[in-house]
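Engineer: Let's see this in three dimensions:
(one chain, ligands or ions: 1)
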Amino acid sequence: MHPVSSTSSLVLLWTDKSNYKTPSSQRFWDKLDLDAGRPLDKKIEAKLPEFRKLSVTQINNRKYGIRKFSSEFLKTHPDAQVVCLGAGLDPKSLDTAEDHPGALVFDVDMENMELKEKMTREVQGPNNLKFCTANVGKPQELISSLKAKGWNPEKTTFVIAEGISYYISKEQFKDALFALKTPGGAAIIEYAIPDEDVVAENKELITVFFNLLQDMLNWPTPLERYSLQEASDLAQELGARIETLESLEMEKGRGFVSDIPPGPLCVSYLTYP
Ligand SMILES: C[S@@+](CC[C@H](N)C(=O)[O-])C[C@H]1O[C@@H](n2cnc3c(N)ncnc32)[C@H](O)[C@@H]1O
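Structural biologist: Residues are numbered from 1 along each chain as shown. Coordinates of the predicted model:
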């Protein structure tokens, strides 16, 4: 078992193993020791149980939506490159690489990439998966690290930006997406809308939660959030076609459209001409 830091553990603790379909991604999942995140999770459950429920729903829905879009794209572009920004220890890249052996998948993160590479070897994970340690907020560093691992800027690239838009400035995020834009490529952008745009039933809950999380995790404030207008402007600046701005697939999720009104998370799917 490999211990995971408390902050990295939290999203994984709220994720259901069933999001990962391939054998090696499931073996990888079983090797994660998420105990460090449990005290934080318990605190959130005690203070804001409704929010925890909403988070679990939204995170699993977003994973469902992202898997659906990436599978659809890779079915029609089986030899595309896939770049997962801020991949962390999420086994999604193992799942993608194993499911699409003709694709070349790159995980990028500032930390844990050596550990993830080691764990991937331990579970006999796919060979078409590369690990890059780089700051996504620094496009030159990002690109040279990817090129060093075999990324080809001329080749169709599918970008998965899940759980990263919060941590870098809007300018940095746009620059990273520009740097990875390829003809015929696509990008999935996951983001959270600002408190004022969240449906009335959940507004107060979301505001309290983001403050609580920032306090507990000592995160830099504010976490970047995008209004639907900003997400649409970003797509336009990138010269992308918006397939969906706030994915219905995500809300449909895995039968998770419950009685819970929508939370702040959104998934956009963009394609490049
Ligand atoms: C909330 S986790 C998301 C993990 C995974 N993508 C998911 O959604 O389950 C955020 C990840 O982004 C990484 N990260 C944050 N800022 C970054 C940056 N500037 N460059 C690279 N990685 C970054 C963190 O190390 C962490 O692994």
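Engineer: For the residue in the stretch 101-250 of the chain that the ligand sits nearest to, grab the count of nearby residues.
Structural biologist: Per CB to the nearest ligand atom, the residue of the stretch 101-250 of the chain with the smallest distance to the ligand is G163, at 2.8 Å. For the C-beta atoms, the positions are set from N, CA and C on the backbone; glycine is no exception. Residues contacting G163 under the criterion other CB atoms under 10 Å number 19.
Engineer: which residue sits closest to it, ignoring its sequence neighbours?
Structural biologist: Counting by CB to CB, 6 or more residues apart in numbering, G163 lies nearest to G86, which is 5.6 Å off, once chain neighbours are set aside.
Engineer: can you check E246 too?
Structural biologist: Excluding the flanking residues, the one nearest E246 by CB to CB, 6+ apart is C266, at 4.2 Å.
Engineer: Quick check: beta-bridge partners of the one you found?
Structural biologist: C266 has the following beta-bridge partners by DSSP bridges: Y191.
Engineer: give the contact list for it.
Structural biologist: Shown here is C266, whose contacts under the criterion CB atoms under 8 Å, 6 or more residues apart in numbering are 190-193, 226, 228, 231, 245-247, 250.
Engineer: try 10 Å
Structural biologist: If you count contacts by CB atoms under 10 Å, 6 or more residues apart in numbering, C266 has them with 58, 62, 65, 165, 189-193, 197, 226-228, 231, 244-247, 250-251.
Engineer: Excluding chain neighbours, give the residue nearest to L228 in space.
Structural biologist: L228 sits nearest to L245 (CB to CB, 6+ apart), 6.0 Å away.
Engineer: Assess the claim that that neighbour and I188 are in contact.
Structural biologist: No - with contacts counted by CB atoms under 10 Å, L245 stays clear of I188, the gap being 11.9 Å.
Engineer: what is in contact with the two at once?
Structural biologist: Common neighbours of L245 and I188, counting by CB under 10 Å, 6+ apart, are 267-270.
Engineer: picking that back up, same drill for L245 and I188, tell me which one is more crowded.
Structural biologist: Comparing L245 with I188 by neighbour count (other CB under 10 Å), the higher total belongs to I188, at 23 against 16.
Engineer: quick one: that one is in a helix?
Structural biologist: No - counting by DSSP: H, G, I helix; E, B strand; the rest coil, I188 is not found in a helix; it is strand.
Engineer: How about the contacts made by it?
Structural biologist: Here I188 is in contact with 62, 65-66, 69-70, 73, 84, 158-162, 243-244, 247, 267-270 (criterion: CB under 10 Å, 6+ apart).
Engineer: Do you know the pLDDT at it?
Structural biologist: Turning to I188, the model gives it a pLDDT of 97.
Engineer: if I pick the nearest residue to it once chain neighbours are set aside, what's in contact with it?
Structural biologist: When the adjacent residues along the chain are set aside, I188 lies closest to I160, with 5.1 Å between them (CB to CB, 6+ apart). With CB under 10 Å, 6+ apart as the criterion, the residues that contact I160 are 66-67, 69-70, 82-87, 90, 92-93, 96, 105, 107, 186-190.
Engineer: in the chain, what secondary structure element scores lowest on mean pLDDT?
Structural biologist: Lowest on mean pLDDT, DSSP states H and E among the helices and strands of the chain sits helix 248-252, with a mean of 71.
Engineer: That one: which residues count as buried?
Structural biologist: Of the residues in helix 248-252, 249-251 count as buried by neighbour count, 16 or more other CB atoms under 10 Å.
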